[in-house]
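> need coordinates for the following:
(one chain, ligands or ions: 1)
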Amino acid sequence: MAVIGGGPAGAFFALHLLREAERSGRQVQVVVFEKRSVGAGLATCGEGCWKGCNYCAGGLSPRLLDVLKELGLAVPEEVIQRRIDSITVQGYWKNIELDVPPGRELLSVYRGSRPSRRPDRQHGFDAFLLNAAVAAGAELVGEEVIEIAYSERRRPVVQYRSGEGTGELEADFVVVATGVNEGADGGTMVGALRRLLPEFAPPRLRRAVVFELEVEPEVPSSLASTVHFVEYGSRSLRLEMCSLVPKRGYLTVVLVGPSVDGLGERGESREVIRQFLDLPHIRRLAPANVRWHAVCACRPSLVVGSARQPFGERVAAVGDLVTTRLYKDGILSAQETARALAETVLGWGVDAESLRRGYGPTLRGFRRDNRFAAVVFVLHRVFFGSSGLSRVLYQAVITERKSRPRAERRLEQILWRISSGDDRYEEIFWAMLHPATVGSIFVGGVLITMRNYVAEVLFGLRWEGFGRFTTGVAKERLEAKRQHFARLIAESHVVAPDRPEFERMYTIKIRAPRDRILAQLGRFGEPDRGYLWPRGVRIERVAGRPNTPGCVVQYTVVSRQFRFRLELEQLVEERLAIYRVRDGFARGGVLIFEIEPLTGELSALSIYVGFNFARGTTGLSRVWAWLFRHLFPAFVHDVVWNHSLCQLRDVVERESDRGNFRD
Ligand SMILES: Cc1cc2nc3c(=O)[nH]c(=O)nc-3n(C[C@H](O)[C@H](O)[C@H](O)COP(=O)(O)OP(=O)(O)OC[C@H]3O[C@@H](n4cnc5c(N)ncnc54)[C@H](O)[C@@H]3O)c2cc1C
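Have a look, this model is predicted:
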């Protein structure tokens, strides 16, 4: 059998066929033609074992990694560029971070040997996979196939370049796995397939721009283990789905959208890349001490449809040349078509009718699933492309996170499955339309957004020039976080209410060292602070010095009647600031700031607030205290602190960037 193209589709076909044949005690000979590989024996190849690029972001999805495990293949450490911990979906300054669920794995790799300056060019995923096919018994010919035609006895004959001349191989069956990025009109193999199968038509394509961002001195830790999906550009740069996938020393960036669809000349891609890097929400991703510049850009095609009649007598196409799951997980799709074809060949036969019966249903399954995908992506775009709707979704995700255990969070799971390709689109579509999902969006999203919006208007909180990040602590982390703070309180010998009536915890990651965050926190009561300015609330230091025990910060809410003071009781190293509420309705309560270093320059700032409502001493004041306790709008506290923490993050990061520039 001849396989033309040793990318994922061709390599997986050879692997599945040879493994299955061995299991059933059958002898099969497989020859793989791959024009980018440099000879056989990839295991020991030097730098040039794979020529060029495979036009891909290089994200390996959890389901693909499951398949590799099933095949007994472990991606070698040197091929893995990064292990991904989370996905961040950015829509109109709202950032939804989705952790990779326990037991799932996401990796990034390079498929070929580009970018040419990377020091580990010899390690690529396609070479690893093809090597596995060779180890399973495939013969590799590192040449380009230029034609396929039927012989007189109706066997396909493959004609390939060989040295200065050409070679020929007559096969019982030919698999065309040449992808869709081999030149205009799909390359020579599309023409060959059309001649063999007159009704064949390649799948519909859409252009993308892919480039490598060389990052110096290193990919910042805030980006190093996260895949960023950026769902919008600007009015003049219309983008829909962009991704930044971290590698060692690089970020692979993919741009898709109306501004990319119509690109003509090469210079125009450069302009799109320049505009993209200049977007404020993209510039904010890189600290100022990080320099990045685009290298190795190209404009490959994404498959967004299905081929017509991609098989016939003793010949079939697989992988991208046939179809793929819309916008996600192309390598897994290539594997699925390859496996279905290998099973058909062994179980049914290689004639047109056997292929129709055995292979046809898998291709119809893709077509059906992609119809659901089209609706899923329209909804996804509508939500993330609109400022208002992205806020509703962001809010609904936060509400779910704070109120439900991980396994019951529908929205988070849907977003994870769309972003990571961890499910079929049909399942995702029905999950999106489920009444419980719609209910979550309406109650946890629409209603709470409206309520919070009113609070933001009343308190004059404006979101301009900085992003929204989730700051509420997820339900499953709440108890652990509570115990953590209880321990901190005990270790600091601070008296704090046990199980207080009002208790809140917030946390945010900040791309800055501890001392810079602490310095900003110290400005808490200063007139030049860059955060915590709710309208109608005067916050001022009335005694002591910032960040020094004894410092007193006074809150005056509207009038003198609602006045209370916080005193900094303890500052433990540079990581813990404990304030005590001295008077007012929260008398005896605590406000604690904790700054923990994470990886690299990333830190986590957490806030704990806990108090019991003061009881009155006279009959009237008791009634008033009771009323106050029951009518206290706790959500306003969340709204104000969410805004203040996001603003504080922005202030600290900007300041830290300026400092780094000076360094
Ligand atoms: C911008 C972009 C980003 C993507 N990101 C991801 C991602 O992060 N994760 C993911 O899973 N998928 C991603 N994909 C999709 C993925 O790249 C494809 O679905 C996948 O590569 C399809 O595999 P294939 O084997 O069918 O084709 P290809 O990977 O294109 O392989 C075809 C192979 O055939 C060889 N070949 C071609 N013509 C000949 C010939 N005449 N003779 C000999 N050899 C030949 C080529 O050298 C090549 O190695 C992305 C696609 C694009 C365009």
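
> measure Glu78 to Tyr359 for me?
Distance, Glu78 to Tyr359, using C-beta to C-beta, to the nearest Å: 35 Å. Glycine gets a C-beta too; all of them are placed from N, C-alpha and C.

> quick one: which of the two has more around it?
Tyr359 (23 against 10; other C-beta atoms under 10 Å).

> tell me the contacts of that one?
311, 316, 340-341, 344 (C-beta atoms under 8 Å, 6 or more residues apart in numbering).

> buried subset of those residues as a PyMOL selection?
Only the buried entries of these go into this PyMOL selection, using 16 or more other C-beta atoms under 10 Å:
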select buried, resi 311+316+340+341+344
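
> endpoint to endpoint, stretch 349-366 covers what distance?
One end of stretch 349-366 sits 22 Å from the other (C-alpha to C-alpha, to the nearest Å).

> list the buried residues in it.
For stretch 349-366, the neighbour count (16+ other C-beta under 10 Å) marks 350, 352, 354-356, 358-359, 362-363, 366 as buried.

> just to revisit the earlier point, restricted to helices, list the contacts of Tyr359.
340-341, 344 (DSSP state H).

> which residues of this structure lie near the ligand?
For the chain, the contact set with the ligand under C-beta under 6 Å from any ligand atom comprises 4-10, 33-36, 54-59, 144-145, 177-179, 181-182, 187-189, 208, 210, 254, 300, 302, 319-320, 324, 329-332, 334.

> which secondary structure elements does the helix or strand containing Ala455 sit against?
Using DSSP states H and E, Ala455 falls within helix 448-458. Packing partners of helix 448-458 (3 or more C-beta pairs under 8 Å, 6 or more residues apart in numbering; DSSP states H and E): helix 387-403, helix 634-662.

> whichever helix or strand comes after that helix packs against which elements?
Later in the chain than helix 448-458, the nearest helix or strand by DSSP H and E is strand 468-469. Applying 3+ C-beta pairs under 8 Å, 6+ apart, one finds that strand 468-469 contacts strand 94-99, helix 634-662.

> so of the ones you listed, which one's packed in deepest?
strand 94-99 (a mean of 20; mean count of other C-beta atoms under 10 Å).

> show me what that one is packed up against.
Helices and strands touching strand 94-99, by 3+ C-beta pairs under 8 Å, 6+ apart, are strand 86-91, helix 387-403, helix 410-420, strand 468-469.

> please name whichever of those is nearest to Phe372.
Ranking these by their distance to Phe372 (criterion: C-beta to C-beta) puts helix 410-420 first, at 11.4 Å.

> which residues sit against whichever helix or strand comes after that closest one?
Next along the chain after helix 410-420, taking DSSP H and E as the criterion, comes helix 425-433. With contact meaning C-beta under 8 Å, 6+ apart, helix 425-433 is reached by 325-326, 368-370, 372-373, 375-376, 379, 410, 413-414, 417-418, 437.

> and helix 425-433, which residues are buried?
Applying 16+ other C-beta under 10 Å to helix 425-433 flags 425-426, 428-429, 431-432 as buried.

> chain center to that helix, what's the gap?
Centroid separation for helix 425-433 versus its chain: 20 Å, with C-alpha atoms, centre = their mean, to the nearest Å.

> residues touching whatever helix or strand comes next after it, excluding its own?
Next in sequence after helix 425-433, counting helices and strands by DSSP H and E, comes helix 435-439. Helix 435-439 is contacted by residues 410-411, 414, 431 when judged by C-beta under 8 Å, 6+ apart.

> of these, closest to Gly249?
Nearest to Gly249, judged by C-beta to C-beta, of the contacts of helix 435-439 is Ile414 at 33.6 Å.

> distance of the residue lying closest to the closest one once chain neighbours are set aside relative to Arg417?
Residue nearest to Ile414 in three dimensions, not counting chain neighbours: Ala431, with 5.4 Å by C-beta to C-beta, 6 or more residues apart in numbering. Look at Ala431 and Arg417: by C-beta to C-beta, they are 8 Å apart.

> Phe200 too?
Taking C-beta to C-beta, one finds Phe200 at 33 Å from Arg417.

> before we move on, what about Leu379?
Taking C-beta to C-beta, one finds Leu379 at 13 Å from Arg417.

> tell me which of those two has more neighbours.
Set side by side, Leu379 and Arg417 show more neighbours around Arg417, with 20 against 16, by other C-beta under 10 Å.

> that one contacts Arg410, doesn't it?
No - contact criterion C-beta atoms under 8 Å: Arg417 and Arg410 do not qualify, at 10.5 Å.

> surely Leu213 is in a strand?
Yes - according to DSSP: H, G, I helix; E, B strand; the rest coil, Leu213 belongs to a strand.
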